[in-house]
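Trainee: Model the structure of this input:
(chains A, B and C)
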Amino acid sequence: MKLTYLLESILFWKNEPLSIKKLCLLSGSSEEEVSSALTELEEIRKETGIVLLRKEDEVSLGTSKEAGHVIETLQKEELSKELSKPALETLSIILYKGPLKRIEIDYIRGVNSQFIVRHLEARGLIERIEDPNDNRAYLYKPTFELFAHLGITKKEELPEHDTLQKEVQSFVSGGEQTSEPKDSELTTS
Amino acid sequence: MKLTYLLESILFWKNEPLSIKKLCLLSGSSEEEVSSALTELEEIRKETGIVLLRKEDEVSLGTSKEAGHVIETLQKEELSKELSKPALETLSIILYKGPLKRIEIDYIRGVNSQFIVRHLEARGLIERIEDPNDNRAYLYKPTFELFAHLGITKKEELPEHDTLQKEVQSFVSGGEQTSEPKDSELTTS
Amino acid sequence: MTGQNFIIKHEIFEGPLDLLLSLIEKRKLLINEISLAKITDDYISHIKEITEYKLTDRANFIVISSTLILIKSRSLLPGLTLSPEEEEGIEDLEKRLRIYQRIKELTVHVKNHYEGERIYFSRDKKQSLSFFVPDQNITISNMLLALKDVVGKFPKVIHTPKTIVKQVMSLEDMMDKLQDRIQSALKMSFRDFSGIKKVITQEEKVHIIVSFLAMLELVKQGLLEVKQESRFDDIEIEKTNISVPVY
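Mentor: The predicted structure follows:
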């Protein structure tokens, strides 16, 4: 069986986001083979009822965005589609600037975001990973679920994604200082 | 959106066999339209990783036969895996506090538990029942086999049952009055 | 004052940055020191009324106000020299506002997408309970330990540090206190009033700043006159009109 379709089967059956590494393991193929098969699958699946979603090095299958409104009417267990202003703001920070620490989110918003972050996490819109530079700290980043909510298949589809890449220099240098906010600027610690 | 792909999206999302009648209803199309769209889908999907399956009057999506042996290995591997710490935590919540909704489990853990809950269900440790107060929602509870495995006949026999039950309950309901925003506060409506 | 500031009175702001940005944008100003000096009064008048905010939140507003006050005082007292740390604080506030403003722009996109058509994942299949696959970790004692772990990780309600709470006295209290002191001692120094010592703690610093702001406010209202002989000298405070007490 062609690797592209084997991967499609695996993704369908597992029904959860899988890393490229995991797919290599499951399909017994090299990373190059899997990567190019996924690119092919992404191409084949575009414009069909099921699309390939990417997030960093993870992939998953989802319904096409165009079917969204039909499914929405069928969806019953659905949570409210509207998010409050603070929740949206926090999501935007994590989407465009993540992975980042909660203290950095607080610094940007100027308020403590503990509970908003916890709720977004419980709703599966963001997730927590260990900070590779400090194993006592966590970093927050978007989940597949969030991409699905936004109707995008990868980060590059975010509006102003490219513009932001150009701004990244100033954003990042800002971000570096944000990792050490001064006590006086932090509200609660 | 083309009906063929809309049906593909619906079948993917529902993830269960659907009758042609039901598909007509969901897609708002006639039986002839749905039938011919399904024939087309069947043709397109042949030889790919996800195929259209028919059984009497019902259709569903499934993995292709060629992927069968890989899927089987996956299934075995998945079920023989040792339960992770998060999985044990989730199981203990359902054991002490079940039946409860997934959203409550998420809230108690502060993390989305979708994949863990699915795994526990696949292993027959927990089961899903309809919420008697809301037939659109599900509740999760421990299975009889789990009780038998633990050597108890009811959950009151669990150590520190009353204390822990109360503690968790006060956290869940406490969130409504204290500074912690519940979902209702996260949403604008 | 300006007619605009009534607009902000009944709005609840997420935090000091939210309030500042909204004040700047309502006046169609750019984010810079001059704009910040202009909106300081509106900011202060808003935080005077923020009784509906929780104490922690009020502390957030007051903390940022100290930087604003520095900016404002520099614009009122051109001779005022700020320490490098204070300069940095001002630059940092401007930078934070710019980042926050950008985030707000991006939030519009996120909102539009969030409320638009979404992608759905496959739903979970109802499992047929044909296999029961436990493992050796599922024991009564492990279940107890696991749940205790979960309970132990519940977030604690954050208590605002007392030091911050202590600072959150209202600006009016401070101004009243200042005026009272002036009534009794016609002339006094800022140092006496704010209680500056050799070594100052963070909380005392906030206290000094709030005192200073209160003083500037009174200067502006024409109730006080201040003079400083030379830089770093004590500031002398005097009532402007001795014969006509102002109540």
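
Trainee: Quick check: closest non-adjacent residue to C:I138.
Mentor: Of all residues not flanking C:I138 in the chain, B:H149 sits nearest, at 6.4 Å (Cβ to Cβ, 6 or more residues apart in numbering or on different chains). Placement of C-beta: from N, CA and C, glycine included.

Trainee: thought the one you found was touching C:D135?
Mentor: No. With contacts defined as Cβ atoms under 8 Å, B:H149 does not count as touching C:D135, sitting 10.0 Å away.

Trainee: Show me which of these two is the more surrounded one.
Mentor: Set side by side, B:H149 and C:D135 show more neighbours around B:H149, with 18 against 15, by other Cβ atoms under 10 Å in any protein chain shown.

Trainee: Spit out the contact partners of that one.
Mentor: Applying Cβ atoms under 8 Å, 6 or more residues apart in numbering or on different chains, we find B:H149 in contact with C:F132, C:P134, C:I138.

Trainee: Buried only: go through the residues you listed for me.
Mentor: Neighbour counting with 16 or more other Cβ atoms under 10 Å in any protein chain shown marks C:P134, C:I138 as buried within the contacts of B:H149.

Trainee: Secondary structure element holding the residue nearest to C:I138?
Mentor: According to DSSP states H and E, B:H149 maps onto helix B:144-150.

Trainee: next structured bit after that helix?
Mentor: Per DSSP H and E, helix B:144-150 leads on to helix B:161-177 as the next helix or strand towards the C-terminus.

Trainee: who are the neighbours in contact with the nearest residue to C:M143 once chain neighbours are set aside?
Mentor: The shortest distance from C:M143 to any non-neighbouring residue, by Cβ to Cβ, 6+ apart, is to B:S92 (4.5 Å). B:S92 makes contact with C:N142, C:M143, C:L144, C:A146, C:L147, C:V150 under the criterion Cβ under 8 Å, 6+ apart.

Trainee: my read: the second one touches B:L95, true?
Mentor: Yes. At 5.6 Å, C:M143 counts as touching B:L95 under the criterion of Cβ under 8 Å.

Trainee: Residues that sit against both of the two, list them.
Mentor: Both C:M143 and B:L95 are contacted by B:L158, under the criterion Cβ under 8 Å, 6+ apart.

Trainee: Would you agree A:L6 falls within a strand?
Mentor: No. Secondary structure assignment (DSSP: H, G, I helix; E, B strand; the rest coil) places A:L6 in helix, not in a strand.

Trainee: ok, it - contacts?
Mentor: A:S27, B:G49, B:E66, B:A67, B:V70.

Trainee: Apply the buried test to those residues and list what passes.
Mentor: Buried members of these, scored by 16+ other Cβ under 10 Å, are A:S27, B:G49, B:A67, B:V70.

Trainee: Strands along the chain, start to end?
Mentor: Reading this off chain A. The residue ranges that make up the strands of chain A, judged by DSSP state E, are A:18-19, A:50-55, A:58-63, A:126-131, A:134-142.

Trainee: that's the wrong chain, I wanted chain C
Mentor: Along chain C, the stretches classed as strands by DSSP E are C:187-189, C:224-228, C:235-239.

Trainee: now the helices for chain C?
Mentor: Taking DSSP state H as the test, the helices found in chain C are C:16-26, C:33-47, C:55-76, C:84-114, C:140-152, C:162-167, C:171-184, C:190-194, C:202-220.

Trainee: outside of the first one, which residues touch it?
Mentor: Outside of helix C:16-26, the residues that reach it under the criterion Cβ under 8 Å, 6+ apart are A:109-111, C:4, C:7-8, C:11, C:13, C:30-31, C:35-36, C:39, C:42-43, C:46-47, C:60-61, C:63-65, C:68, C:96-97, C:100-101, C:104.

Trainee: among those residues, which are in reach of chain B?
Mentor: Filtering these for proximity to chain B by Cβ under 8 Å from any Cβ of the partner chain leaves nothing.

Trainee: okay, now the residue nearest to A:A148 when sequence neighbours are not counted: neighbour count?
Mentor: For A:A148, the nearest residue in space outside its immediate sequence neighbours is C:I119; the separation is 4.1 Å by Cβ to Cβ, 6+ apart. Other residues lying near C:I119 total 28 when counted by other Cβ under 10 Å.

Trainee: which residues does C:I119 contact?
Mentor: With contacts taken as Cβ under 8 Å, 6+ apart, C:I119 has the following neighbours: A:51, A:53, A:62-65, A:68, A:147-149, A:151-153.

Trainee: could you dump the residues you listed to CSV with distance to B:Y140?
Mentor: Compiled in CSV, these are given as follows (distance: Cβ to Cβ, whole Å):
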residue, distance to B:Y140
A:V51, 30
A:L53, 27
A:G62, 24
A:T63, 25
A:S64, 30
A:K65, 30
A:G68, 27
A:F147, 26
A:A148, 23
A:H149, 23
A:G151, 29
A:I152, 31
A:T153, 31
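
Trainee: what about burial for the residues you listed, which qualify?
Mentor: Judged by 16+ other Cβ under 10 Å, buried ones among these: A:51, A:53, A:62-65, A:68, A:147-149, A:151-153.

Trainee: So, low pLDDT: which residues of chain A?
Mentor: Along chain A, the model assigns pLDDT under 70 to residues A:76-81, A:168-189.

Trainee: pretty sure C:I64 contacts A:V111?
Mentor: No. The pair C:I64 / A:V111 is not scored as a contact, 10.4 Å apart, by Cβ under 8 Å.

Trainee: is it true that C:R118 touches A:A148?
Mentor: Yes. Contact between C:R118 and A:A148 holds when scored by Cβ under 8 Å: they sit 5.8 Å apart.

Trainee: re the thing from before, please convert the buried members of the contacts of helix C:16-26 into PyMOL selection syntax.
Mentor: The buried subset of those, as determined by 16+ other Cβ under 10 Å, is captured in PyMOL by this line:
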select buried, (chain A and resi 109+110+111) or (chain C and resi 8+13+31+35+36+39+42+43+46+47+60+61+63+64+65+68+96+97+100+101+104)
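
Trainee: The strands of chain C: lowest mean pLDDT?
Mentor: If you rank the strands of chain C by mean pLDDT, strand C:187-189 sits at the bottom with a mean of 52.
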